[in-house]
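S.K.: What follows is a protein structure lacking sequence information:
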């Protein structure tokens, strides 16, 4: 390939083109690193790329979104390529399974079923998924990946439980539960109890997020970003004033914190 020549001039800008590149990379004359990769070794990379895509979406950066979406597709395609090499499954099986699932779970589009709106669509989806998992005996919480971030997992199982009718009657009950869990932390006498009660508090706060239609994971990421930005701002002000931030008193640090918050406005 000549330097500066677009790869798309040699490999088509399609899924098939990407698979041709991957087969070349993992072939006899390919890249040593790419040839060493397995489903297990690529696991963390896939999660990282998904988070980078989420970050691009939250930033509203469409150029970055296109790039990160490509990285997510690359990781998924890597797994498809390895599956083909190992005789585990083919790309056709992956796409066929996905298409069949979408058609099955959208009977209001493909089978003439009538629905009143998106809420009924979600209810039908859950019912179909439960039948696929084993019928009435299958749990409504089945299939939620345990490897999900804990906040996202909590919000997902709460949402599913609520769709079965297991939910608070009003938001006051949700907030009262949060207050109750705070009180139970005060009453805890052992490390084990404190861990359990703190977990219950976090779970209750996530439930409050769900009731307010706030994504708990995103809310905490935004809070993390605010804290990091303000803390770095405090350090920056200290450097400008030629003082060692670490040696400031807590009251002085609190004063810097308030200054940074005012500068944000």
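M.R.: Done, it's in. None of these values were measured; they are calculated from a predicted model.
S.K.: residue ranges with poor pLDDT in this structure?
M.R.: Applying pLDDT under 70 to the chain flags residues 1-9, 135-137.
S.K.: Contact partners for residue 261?
M.R.: Going by Cβ atoms under 8 Å, 6 or more residues apart in numbering, residue 261 touches residue 230. For every residue, glycine as well, the C-beta is placed using N, CA and C.
S.K.: Tell me how far residue 134 lies from residue 205.
M.R.: Distance from residue 134 to residue 205, counting by Cβ to Cβ, to the nearest Å: 33 Å.
S.K.: These two: which is more packed in?
M.R.: residue 205 (19 against 10; other Cβ atoms under 10 Å).
S.K.: Not counting sequence-adjacent ones, nearest residue to the more buried one?
M.R.: In space, residue 205 comes closest to residue 178 once its chain neighbours are excluded; the distance is 6.0 Å by Cβ to Cβ, 6 or more residues apart in numbering.
S.K.: so who does the one you found touch?
M.R.: 201, 204-205, 208.
S.K.: and if you look at residue 221?
M.R.: So residue 221 contacts residue 58 (Cβ under 8 Å, 6+ apart).
S.K.: And the helix or strand hosting it, how far out from the chain middle?
M.R.: Element membership for residue 221 (DSSP states H and E) is helix 216-240. Averaging C-alpha positions (Cα atoms, centre = their mean, to the nearest Å) puts helix 216-240 21 Å from its chain's average.
S.K.: Show me which residues of that helix are buried.
M.R.: Under the neighbour-count criterion of 16 or more other Cβ atoms under 10 Å, helix 216-240 has 216-217, 220-221, 230, 233-234, 237-238 buried.
S.K.: same question, stretch 16-27
M.R.: Buried, per 16+ other Cβ under 10 Å, within stretch 16-27: 18-19, 21-22, 25-26.
S.K.: Show me those that map onto helices.
M.R.: Taking DSSP state H, the ones among the buried residues of stretch 16-27 that sit in helices are 18-19, 21-22, 25.
S.K.: residues in contact with stretch 140-149?
M.R.: 126, 129-130, 133-134, 153, 156-157, 160-161, 163-164, 217.
S.K.: And the residues you listed, which two are furthest apart?
M.R.: Largest separation among the contacts of stretch 140-149 by Cβ to Cβ: 134 and 217, giving 29.0 Å.
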